[in-house]
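J.: turn this into a structure:
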Amino acid sequence: MECYLNSIIYLARQSKCAEIYIETSMEDKVQKRLNKNCLKKIKIFEGEDKAQIDFVVTVGGDGNLLWISKLFQKKKVPTIISFACGTRNFLCYYQVEHFAKVFDDLFFNIENNKNIFIDRRKRLKCSVIRENEVHEYYAFNEIVI
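T.: Below is the predicted model:
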């Protein structure tokens with residue numbers, strides 16, 4: 001939880017992002033640690049805001065990536081920048097200790113019109129037909145029947 005909170009604080013203080021969406025459960029913790037200028041960037045994610053999101057930052061483990069996939073079931077998943085904060089992480093690309101460097105490099109490259117490497121991943125699509133009704137599901141790494 002602390003590494004997640006620290007990442008939000010870092011982005012709010014260092015980035016020129018217009019808005020940073022956070023989960024409701026983090027609101028009180030973030031408000032206690034940021035000044036008024038930084039708090040202006042913080043918005044609570046309500047679900048309908050999905051179209052406004054340019055990229056998603058996850059801090060934790062593979063479960064967070066799977067949750068993001070579920071959250072964007074019917075929509076295109078935005079670019080995900082994932083940081084591992086646990087022991088087993090097969091899908092997370094970075095370790096959380098490198099958070100500041102990754103974002104410093106990212107913001108530097110954006111500001112200087114330099115290329116940014118993006119590892120595009122596909123999701124699996126599963127269609128289940130039950131009683132002549134089609135249900136579609138998306139997954140990152142596997143579908144179990």
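
J.: next, the buried residues of stretch 51-65.
T.: For stretch 51-65, a neighbour-count test (16 or more other Cβ atoms under 10 Å) marks 53, 56-62, 64-65 as buried. Quick note: C-beta positions are derived from backbone N, CA and C, even for glycine.

J.: contacts for the host helix or strand of residue 81 next, please.
T.: Element membership for residue 81, per DSSP states H and E: strand 79-84. Strand 79-84 has contacts (Cβ atoms under 8 Å, 6 or more residues apart in numbering) with 3, 7, 54-61, 64-65, 68, 91-96, 98-99, 102, 106, 118.

J.: just those: which are in strands?
T.: 55-60, 94-95 (DSSP state E).

J.: nearest to residue 138 among the residues you listed?
T.: For these, the minimum distance to residue 138 (Cβ to Cβ) is 15.0 Å, reached by residue 56.

J.: go ahead and confirm the closest one touches residue 75.
T.: No: if you go by Cβ atoms under 8 Å, residue 56 and residue 75 don't touch, sitting 11.9 Å apart.

J.: now do the same contact list for residue 59.
T.: Contact analysis of residue 59 by Cβ under 8 Å, 6+ apart lists 3-4, 7, 83, 85, 96, 99.

J.: most neighbours of all those, which one?
T.: Within the contacts of residue 59, most neighbours by other Cβ atoms under 10 Å means residue 83, with 23 neighbours.

J.: measure that one to residue 13 for me?
T.: Distance, residue 83 to residue 13, using Cβ to Cβ, to the nearest Å: 17 Å.

J.: and what of residue 64?
T.: Between residue 64 and residue 13 the computed distance is 22 Å (Cβ to Cβ).

J.: one step back: residue 123: which of the ones in strands among the contacts of strand 79-84 is nearest?
T.: Distance to residue 123, by Cβ to Cβ, is smallest for residue 56 among the ones in strands among the contacts of strand 79-84, at 14.0 Å.
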